[in-house]
Each structure stands twice: as structure tokens, then as C-alpha cells.
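[1] Pasting the sequence and the predicted coordinates here, then a few questions.
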Amino acid sequence: MLKNSSYPVIYSVLLIVLIVCIFLSACTGAVNLSVAEIFDIVKHSLGLSTSAAVNSVHEGLFLQIRLPRTFLCVLVGAALSVSGTLMQALFRNPIVEPGLIGTSAGSALGAALIIVLGKDVFFSHLSFLGDLMMPVCAFAGGLAATMLVYQFSASLQRINISVMILAGIAINAIANGATGFLAYIARDPQARSITFWNLGSLAGASWEAVLITSVSTVVGFILSLSFAKPLNALQLGDAEASYLGVNTERLKIKVILVNTLLVSIATSLVGIIAFVGLIVPHLLRLLKGSDNRYLIIGSALLGAIVLIVTDMVCRVIIAPAEMPIGIVTAFIGAPVFLWLLSRIKNNQGGGFYG
Amino acid sequence: MVRVEGVSFTVGKKVLVKETTASFTPNHFHVIMGANGAGKSTLLKLMSGYLKPFTGHVYLQQKDIHQYSQLELATKRAVLSQHYDITFPITVRDVVLMGRYPYYKSVATEKDRQLCDEAMHTMRINNLAEREYTTLSGGEAQKTQMSRVLAQIGETNSNLQKVLFLDEPVSHLDVKYQYQLLHTAKDLCKKNVTVIAILHDINLALHFADRILFMKDGAVRYDLDHPKEVTPHIIKDIFDITATIEMIRDKTVVLF
């Protein structure tokens, strides 16, 4: 239906769906709020209405828990999906995502270091730096892991995909092993938080988290858009892209840096959420082509939608308890991934979508 | 105008191109021939600025090719490679439009689109414009890539010196389109473009070439300013096959 629509139409449809999802997410949970109540709360907190009819418990719930969580979903979903688009374009391979090439596991290790060794090790006396230590370490860990995998897989002139997947397995194993070791030596509450956080959870959402992620996601998104055209050219191959005027080596470094920014900050705050970055770009390609500008904008919107909906499922499915989001994305994402693989297998042309 | 001076390139201990010197002039159709592994493609990649020579220099319009920025270079030369491997779905029109990437920033202008349409018209693939590239046959894909390269060459006039590199441009084409593609390249020669092509069919080369360079063991062994001077001895030396050369209706033909 949308295949013949223009890009602006697709963006508009996605944006409308996203806004509806934001409202739904703000309403649903252990306590259901009505849209009318939400408007009352917003008006009340902005000082536009003086009516005392607002339930103060609900107001606190909405402003301090529901709303930051919903926004965090939007930002993290967008960040992971844009990252998936970047990685797939860079490696010219449809099955790449941040989880496969070590970015997530490396970031997780960086963050686990801070959880276990504590902020007291680094700059604890400065509270502002203390808050930033976790994202910074996550970034360093994610970057180191991604660069290692990249170095292994980049041979003389092209990326060797099978080496990349295998190097990804090895680097993931090292990072996961180290994270596991930290969980083992950790005091109990810390270990629990590492475990939970390896499965991904948005329960810890706060306005500070929203602020940090919004900076990384918005900056990453804008930079990603500037890579859209060179990444399109890269689809022809390394040499061909350089014949078209792209400095491919510099492009690769820039894309990896931006990708690490997007993924590591998100991972440091919500844990590892797999498969979102893998599947969202595919859905968009099935919808309409693979121009990277469209994929990047579309990923930001659709990724946000997918994560909001998944998070709602997590909150509702075993209410009043909550399912870690990584479990749900794995259960939905892995079968979709296998379905995509079967499409390669059944398509002798080697194409994914033909 | 392209000039290579004492250019060598090695991978590990294997010397792919050694101490090669040659120059290529506008308005000429140069053909490079040689057996498999003679270093033709490597030399082409060196001349197009993709690979950096270990020794020697490549000059494009009197300036070392590695002193141009990639973007500058992209407006001066275009390259049709041997293989293209595109994974993701993209229409033929969008592939051709990539040829204009060096000329526009984020949105293609009307002129860019017009040049693409002309290029597709030249290669007679207008009917494929909305097809997905991954569903094309080998020949259709080759014509699409040639259209993209033509779009990249873009405008030609006597003040612009552009270079067109073709690496086995007709390997997937039927006879009719082999001639059509090479005629297209030949037409560009008349518009001040330097054409340098790697071909495998000696008779096709004799039909189009203004000059033929035969390579062996990473070096240019014979450089014929008049391709008709080709001899059975040269064919034997380069390809290790016995041939006779006949004149048939004013055309030099190599028979095996």
C-alpha cells in the first residue's frame, strides 16, 4: 500500500503512529490513565489549570515514571535502529546489527565496570562527572570492541564478512565473559542489577537518562543523515564509492564513531536490547527501497514505535510484574531474523528482497 | 591525459605491476590486452587513483593523481569496474543517479536527472529505469553500470579533459550490445575524452582501438600506435596461442 507513496507520506504516517503510541504508552501500565487525565496533569503541572481534581499520585506516576520512560523508549528505539541502518550499509550486509559486532557487549562491559567498581574509583567527588562516567565508559568499551572487530575483518581491500561475524563472536565472548566475571565478584545487589541490565530494562528511566540519550541520539541522527549519500555510493563497493568521490576510509571511521555514540549511550542506560536494530531497517526496505536517507529517517521513527510497543508488552504481559525488554525483543526478533535468513536461502539470486 | 612513470605495485612478494611507463592522450581509444594475471586490472586501478603505486607516479593532466581530492578526481574520471555486487534493493534509476553524486550535495538537480535520462537512453535501458537492480540479468546490470559511468562523465566539451576507464566492459553483453557500448565509448573519444579499456577479444579491440598496449608479467610488452601492425609473433608471445592474421575487406582479422 505504501510502496508507491512518496517519502513524506511514509514519514507522516510513521509520525502519526508514533504519536498515537506515545499516548498509549503514557496511558497503559499497572495503573491505567485516561487521555483526559493526562491532559489534566499536563495542564496542572504547567500551571495552566488550577483545578485540584488531579490525583497527585497519578501525577507523580505520570511525570516521574511514565513520561520519562516513554521518551526513553523513543530515543533508544531510534538510536538502535539508526545504528542498525548504519552498520548494515557500512558492512554492506543485511544481517549486521550492533549486537553482532560487539558494540553492545563492549558497552555493557564498560558500564558494568562502573556498576561494580563503583563511581568511587573514578572522580566520585565530582557528582556531575560521576553521572557521566557510566556513559563515557560504555562508549569507550563499545568503541574498543567495534574497532577490534572491524580491524579483524578489514583485509586489504574489503570487509571480509565471515571473518567479521567470527571476530564478533569472539569479541562478544570476551566482553560477556568479563561482564560475567564482574557480576560474579560483585556484591549481591550489583550482580542483580548487572543481570537485569544484560536483559535490558527501561524501568530505571529518569529525566537525567532522557536528557543524556536525547543529546547522543539527536547528534548521532543528524550526523547519520550527512552519511546517507556516501553510504549509498558504498553499496556499489569500496573502489566504486571512491571513484564517485567518497573518501571511504574516513567515512568508515566516522560511521563507526557515530554508531558507537548511538549504541553505547543507549546501552549504558537501558542495557542490551537485541534485534531492534536488525529488524527495523529490513521492515523499511520491504516497505520502500533502501535509499539510506529514507532508511535513517524511517529507522528513527519506526524504531521508536517498535520499542514503545515492545515496552508496553513488557509492562502488560505479566502485570503487575515486568518482563525485561531484552527477552521480548529476542523472542520476537530471533524468529524474524530466521525468517529473513530463509529468504536468502530460498532466493537463488542471492537477493534478500527480490 | 594520463601518464604513468615507472609505476610498480606489489602485494606481499608478488609483483603485479613493475616499472611501467606509458601515456594516454585525449581523443584516443586505448585498449589494454594481456593474458589473465598480466596486471591489467591493477594497472587500471593505479591509473584511476584507487591504488597507490609503491614506486613511480601517475599524472592526470600534469598533476600527480594523489594530489587531487577524491571528489575532484570524481569529476575528472569515471571507472567501469568488472564486478558489482549490490545487496540491497535499489532501482536502476537510482544506481544511474549515483553517477551524479560528485556534482550535487544532497538533492539532485534537474540537470543531473536529465543527464541520467540521456545516459540511460544512450545505453537503451529506459524501460528498465524502475526495475530493481538485483533482479537484472548480467548484461542488463552491465548496461546500467555503463549508464552510471556515462552520467558521471556528464558534460563534455573542449575545455574539459575527462578520462573514462573501462575494465572488461563487455564481458556480459551479447554481440549487438558489445558493439553498441564500445561505439558509445568511441563517440566520447571524439569529445575530448581519453578512453582506456581492458578488452579480451582481439578482433573487437582491432575494430575500435586507436592504440593497443599488450601487457605481460606486469609490464607493457608491446605498444602499438597502429593496431593493424599486430603480428602472429605478438599474439604468440602474449597469449601463447598460434594465430594467423588476414586482411578481410580492409579489416585486419586475427584467426585462431
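    Right, received. Where do you want to start? As the structure is a prediction and not an experimental result, all values here were calculated from the model.

[2] what's residue B:152 in contact with, if anything?
    A:243-244, B:74, B:78, B:99-100, B:102 (Cβ atoms under 8 Å, 6 or more residues apart in numbering or on different chains). C-betas here are computed from N, CA, C, even on glycine.

[3] Kindly recompute the last result at 7 Å.
    B:78, B:99, B:102 (Cβ atoms under 7 Å, 6 or more residues apart in numbering or on different chains).

[4] now swap in residue A:246 and tell me
    Counting by Cβ under 7 Å, 6+ apart, residue A:246 has contacts A:230, A:233-234, B:70.

[5] Now with 8 Å, please.
    A:230, A:233-234, B:70, B:101.

[6] taking these one by one, which sit in helices?
    By the criterion of DSSP state H, membership of the contacts of residue A:246 in helices covers A:230, A:233-234, B:70.

[7] which two of those residues lie the greatest distance from each other?
    A:234 and B:70 (12.8 Å; Cβ to Cβ).

[8] More neighbours: those two, which one.
    residue A:234 (24 against 18; other Cβ atoms under 10 Å in any protein chain shown).

[9] Helix or strand: which one has the nearest residue to the more buried one once chain neighbours are set aside?
    Counting by Cβ to Cβ, 6 or more residues apart in numbering or on different chains, residue A:234 lies nearest to residue A:241, which is 4.5 Å off, once chain neighbours are set aside. Element membership for residue A:241, per DSSP states H and E: helix A:238-243.

[10] Can you name every helix or strand that the helix or strand that comes right after that helix contacts?
    Sequence-wise, the next helix or strand downstream of helix A:238-243 (DSSP H and E) is helix A:248-270. If you count contacts as 3 or more Cβ pairs under 8 Å, 6 or more residues apart in numbering or on different chains; DSSP states H and E, helix A:248-270 packs onto helix A:67-90, helix A:103-117, helix A:127-153, helix A:207-234, helix A:238-243.

[11] For chain A, what is the nearest residue in the stretch 1-150 of chain B?
    Residue nearest to chain A within the stretch 1-150 of chain B: residue B:74 (3.2 Å; Cβ to the nearest Cβ).

[12] I figured the residue nearest to residue A:234 was touching residue A:247, is that so?
    No: with contact defined as Cβ atoms under 8 Å, residue A:241 and residue A:247 do not form a contacting pair (9.1 Å).

[13] in a strand, that's where residue B:3 is, yeah?
    Yes: judged by DSSP: H, G, I helix; E, B strand; the rest coil, residue B:3 forms part of a strand.

[14] Turn the ones in helices among the contacts of residue A:246 into TSV, including pLDDT.
    Below are the ones in helices among the contacts of residue A:246 laid out as TSV (pLDDT from 0 to 100):
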residue	pLDDT
A:230	94
A:233	94
A:234	92
B:70	91
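
[15] So which bits of the stretch 101-250 of chain B are right by chain A?
    B:101-102, B:106, B:132, B:134-135, B:152 (Cβ under 8 Å from any Cβ of the partner chain).

[16] Who wins on neighbours among the residues you listed?
    Neighbour-wise, these (other Cβ under 10 Å) top out at residue B:152, 27 neighbours.

[17] Tell me which helix or strand that residue sits in.
    helix B:138-153.

[18] mind listing what's buried in that helix?
    Using 16 or more other Cβ atoms under 10 Å in any protein chain shown as the test for burial, helix B:138-153 gives B:140-153.

[19] helix or strand for the closest residue to residue B:220 other than its chain neighbours, which one?
    With Cβ to Cβ, 6+ apart as the criterion, residue B:220 has its nearest non-adjacent residue at 5.0 Å, and that residue is residue B:213. Following DSSP H and E, one finds residue B:213 within strand B:211-216.

[20] Please list the strands that that strand pairs with in its sheet, giving the direction of each pairing.
    strand B:29-34 (parallel), strand B:219-224 (antiparallel) (DSSP bridges).

[21] quick revisit: return the member of the contacts of residue B:152 nearest to residue A:336.
    residue B:99 (35.5 Å).

[22] got the phi/psi numbers for that closest one?
    phi -60, psi -20 (degrees, to the nearest 10).

[23] Could you do residue B:6 as well?
    phi 60, psi 40.

[24] any idea what sits nearest it, other than its immediate chain neighbours?
    residue B:56 is the one closest to residue B:6 (Cβ to Cβ, 6+ apart), at 3.7 Å.

[25] Kindly report the same for residue A:289.
    In space, residue A:289 is closest to residue B:89, 5.9 Å off (Cβ to Cβ, 6+ apart).

[26] okay, now the one you found: neighbour count?
    Using other Cβ under 10 Å: residue B:89 sits among 20 other residues.
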